[in-house]
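Q: here is my input, please return the structure:
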Amino acid sequence: MKHAIIDSPIGELTLVGDDDGTVVTGLYFPHHWTRPDRTTFGERDDTAFPEAVRQLKEYFAGQRTEFDVPTRAEGDQFQRDVWAAIDQIPYGETATYGDLAKAVGGLPHEVGAAVGRNPLSILVACHRVVGKNGKLTGYAGGLKRKEFLLDLERPPAEDRGQLW
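A: Numbering: from 1, shown residues only. You can find the predicted model right below:
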């Protein structure tokens, strides 16, 4: 295992993955709710994961709407099903915990627990999962980061039929 720390508009992000620096197994914020112990991250190599870093920079610059870096998320089958369903939420759109519960089976609070354990924040866009009626609810990186990411994906005002 190795890890890299990169700067982003929402603070430092820690990428974790294989020794080759190609497969990403985690993307974490500082004070991430379910961040594993740093000792499991392996050696620090800020040159690792160049493709993931490039794609994240493009995303934050508004030039990328999907990620295609190799990832591997560790979790039970239900968690992996929830994460796969999250991956189906299009850029700029949201789904509720209830929507995901209907898609994968289970209860909204069970889906919420699985969403909260997503080890690949941003890459698996759990910020697109919202509460009933679009209410912003918990996010492993904090609600300010979630709001920033949703705003980043929101079309310009003229595309939403608003002048300002």
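
Q: residues in contact with stretch 146-153?
A: Identification of contacts with stretch 146-153 by C-beta atoms under 8 Å, 6 or more residues apart in numbering yields 9-10, 59-60, 62, 65, 91-92, 94, 122, 125, 127-128, 136, 139. Heads up, the C-betas are built off the backbone N, CA and C, glycines and all.

Q: any idea how far the nearest residue to His3 once chain neighbours are set aside lies from Glu147?
A: The spatial neighbour of His3 that comes closest, neighbours along the chain excluded (C-beta to C-beta, 6 or more residues apart in numbering), is Phe41 at 4.0 Å. In this view, Phe41 and Glu147 are 27 Å apart by C-beta to C-beta, to the nearest Å.

Q: which one of these two has more residues nearby?
A: For Phe41 and Glu147, the more surrounded residue by other C-beta atoms under 10 Å is Phe41, and the numbers stand at 21 against 13.

Q: tell me the contacts of that one?
A: Met1, Lys2, His3, Thr14, Val16, Gly26.

Q: are any of these buried, and which?
A: Burial of these was assessed by neighbour count (16 or more other C-beta atoms under 10 Å); the buried members are Lys2, His3, Thr14, Val16, Gly26.

Q: can you tell me how far the spatially closest residue to Gln79 that is not a sequence neighbour sits from Tyr97?
A: In space, Gln79 comes closest to Ala114 once its chain neighbours are excluded; the distance is 4.4 Å by C-beta to C-beta, 6+ apart. Noted for Ala114: a distance of 10 Å to Tyr97, by C-beta to C-beta.

Q: count the neighbours of Leu149 for me.
A: Other residues within reach of Leu149 by the criterion other C-beta under 10 Å amount to 22.

Q: remind me which helix or strand it belongs to.
A: Mapping Leu149 onto the secondary structure by DSSP states H and E places it in helix 143-153.

Q: okay, now the domains of the chain?
A: 2-60, 77-154 (automatic domain parsing).

Q: what average pLDDT does the shortest one get?
A: Mean per-residue pLDDT for domain 2-60: 90.

Q: ok, now the longest one?
A: Predicted confidence along domain 77-154 averages 93 (mean pLDDT).

Q: ends of that domain, what's the gap?
A: In terms of C-alpha to C-alpha, to the nearest Å, the two terminal residues of domain 77-154 are separated by 31 Å.

Q: what distance separates it from the centre of its chain?
A: 8 Å (C-alpha atoms, centre = their mean, to the nearest Å).

Q: list the contacts of Thr14.
A: His3, Ala4, Ile5, Gly26, Leu27, Tyr28, Phe29, Arg35, Phe41.

Q: quick one: which of those residues sit in strands?
A: Among these, the ones falling in strands (DSSP state E) are His3, Ala4, Ile5, Gly26, Leu27, Tyr28.
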